[in-house]
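# Any chance you can model this:
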Amino acid sequence: MTVQFGRFAAPTHTLVHVSDPHLLAGGAALGGRFDVERTFERTLAAIESIAASPDAIVVTGDLADLGEPDAYRRLRAAVEPVAERLGAPVIWVAGNHDERPALREHLLDAVPSEDPVTGVWDLNGLRLIALDSTVPGWHHGDIDADQRDWLAEQLRTPAPHGTLLAMHHPPVPSHLAFFDILELRHQDELAEIVRGSDVRGILAGHLHYSLHATFAGVPVSVASATCYTMDVALPAESVNGMDAAQSFQLVHVRPETITHTVVPVVEAEAVQTFSPEWVARMAALSPEERLEAFSRKPGR
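Numbers count the residues shown, from 1 in each chain. Have a look, this model is predicted:
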């Protein structure tokens with residue numbers, strides 16, 4: 001049920017933003033302890049339960065932990081049936097743990113090569129451009145001159161609903177100084193292209209925790225990982241990975257704004273206050289009656 005209770009109408013577009021599954025061949029546990037395949041299964045189940053007909057599922061890198069062909073095949077076998085049921089394209093973005101040749105062959109049905117994994121999607125008037133920030137053989141990121149020139153050419157013509165960029169390495173500093181060893185290079189040159197264009201947001205991963213910032217005046221949203229996350233409740237120099245707080249994001253695009261909702265992937269019992277029936281009852285009331293029924297504080 002789509003109901004407008006406030007000033008904003010329903011979003012024009014909904015995307016699912018997932019990052020850093022780090023799958024391994026044979027379904028192996030990451031580091032011998034993180035059951036990344038099981039957590040990814042829970043992530044897909046959550047996506048299917050709440051994301052009715054999304055415009056795309058965007059996975060921002062580190063798809064496989066070691067770039068193994070079987071890891072990509074397992075990832076594809078898990079995601080494609082869900083995407084088909086939802087009627088959504090899957091946009092795969094390369095991360096520093098990925099291997100371009102295997103990714104191309106086993107996820108994209110393309111000729112294996114070291115060429116950057118890039119693409120442009122028209123999602124009902126919203127343009128999504130996938131960039132490849134990986135540097136073969138290294139873990140830091142970069143958008144090289146050829147890719148920057150290609151991006152500038154794409155952005156010369158605005159899209160009806162604007163553009164989102166998807167990349168693995170976020171073009172912003174991390175709360176954890178040691179992550180900046182692996183930061184994105186040539187950020188100033190990228191900023192010159194993005195600033196003043198129709199880019200409305202940048203989706204990224206890499207950090208294994210959620211982060212929001214701006215780059216060249218554009219909002220950046222970093223999705224946490226589905227494999228394991230960083231325990232940022234500790235002092236920055238002591239932060240390490242933990243098997244908790246895995247999540248993905250729902251991206252809702254409106255003419256006025258874009259929101260990014262962090263969706264936790266946890267096995268927990270919710271306290272039920274709202275329901276479709278409650279929404280239907282509230283929708284049947286006048287705005288004044290809704291305020292009286294729901295907004296007034298008790299005893300006032």
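# hey, where'd the strands end up in the stretch 1-150 of the chain?
13-18, 56-60, 90-93, 119-123, 126-130, 141-142 (DSSP state E, counting those that start in this stretch).
# Put together a markdown table for those, with mean pLDDT and distance to Leu207 on each row.
Glycine gets a C-beta too; all of them are placed from N, C-alpha and C. Listed next are the strands of the stretch 1-150 of the chain as a markdown table, based on pLDDT from 0 to 100; distance: least, CB to CB, whole Å:
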| stretch | mean pLDDT | distance to Leu207 |
| --- | --- | --- |
| strand 13-18 | 98 | 13 |
| strand 56-60 | 98 | 11 |
| strand 90-93 | 98 | 14 |
| strand 119-123 | 98 | 23 |
| strand 126-130 | 98 | 18 |
| strand 141-142 | 98 | 12 |
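# As a check, name the ranges of all helices in the chain.
36-50, 69-86, 100-107, 145-155, 187-194, 276-283, 287-290 (DSSP state H).
# Dump those to a markdown table, plus mean neighbour count.
Below are the helices of the chain laid out as a markdown table (neighbours: other CB atoms under 10 Å):
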| stretch | mean neighbour count |
| --- | --- |
| helix 36-50 | 17 |
| helix 69-86 | 17 |
| helix 100-107 | 21 |
| helix 145-155 | 15 |
| helix 187-194 | 17 |
| helix 276-283 | 12 |
| helix 287-290 | 11 |
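# could you dump those helices to JSON lines with mean pLDDT and distance to Gly217?
Formatted as JSON lines, those follow (pLDDT from 0 to 100; distance: least, CB to CB, whole Å):
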{"stretch": "helix 36-50", "mean pLDDT": "96", "distance to Gly217": "31"}
{"stretch": "helix 69-86", "mean pLDDT": "98", "distance to Gly217": "33"}
{"stretch": "helix 100-107", "mean pLDDT": "98", "distance to Gly217": "31"}
{"stretch": "helix 145-155", "mean pLDDT": "98", "distance to Gly217": "14"}
{"stretch": "helix 187-194", "mean pLDDT": "98", "distance to Gly217": "8"}
{"stretch": "helix 276-283", "mean pLDDT": "84", "distance to Gly217": "37"}
{"stretch": "helix 287-290", "mean pLDDT": "82", "distance to Gly217": "36"}
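# Deepest in the core, which of the strands of the stretch 1-150 of the chain is it.
Across those, averaging neighbours per residue (mean count of other CB atoms under 10 Å) puts strand 56-60 on top, at a mean of 27.
# Report all helices and strands that that strand contacts.
strand 13-18, helix 69-86, strand 90-93, strand 126-130, strand 199-204 (3 or more CB pairs under 8 Å, 6 or more residues apart in numbering; DSSP states H and E).
# among these, which is nearest Val251?
Among these, strand 13-18 comes nearest to Val251, with 4.1 Å by CB to CB.
# Which among the helices and strands packed on strand 56-60 is found nearest to Glu41?
helix 69-86 (6.8 Å).
# and the closest one, how far out from the chain's middle?
In terms of CA atoms, centre = their mean, to the nearest Å, the centre of helix 69-86 is set 17 Å apart from its chain centre.
# follow-up on the earlier one: distance to Ser247 for the helices of the chain - can I get that in JSON lines?
Shown next, in JSON lines, are these (distance: least, CB to CB, whole Å):
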{"stretch": "helix 36-50", "distance to Ser247": "8"}
{"stretch": "helix 69-86", "distance to Ser247": "17"}
{"stretch": "helix 100-107", "distance to Ser247": "23"}
{"stretch": "helix 145-155", "distance to Ser247": "28"}
{"stretch": "helix 187-194", "distance to Ser247": "26"}
{"stretch": "helix 276-283", "distance to Ser247": "24"}
{"stretch": "helix 287-290", "distance to Ser247": "31"}
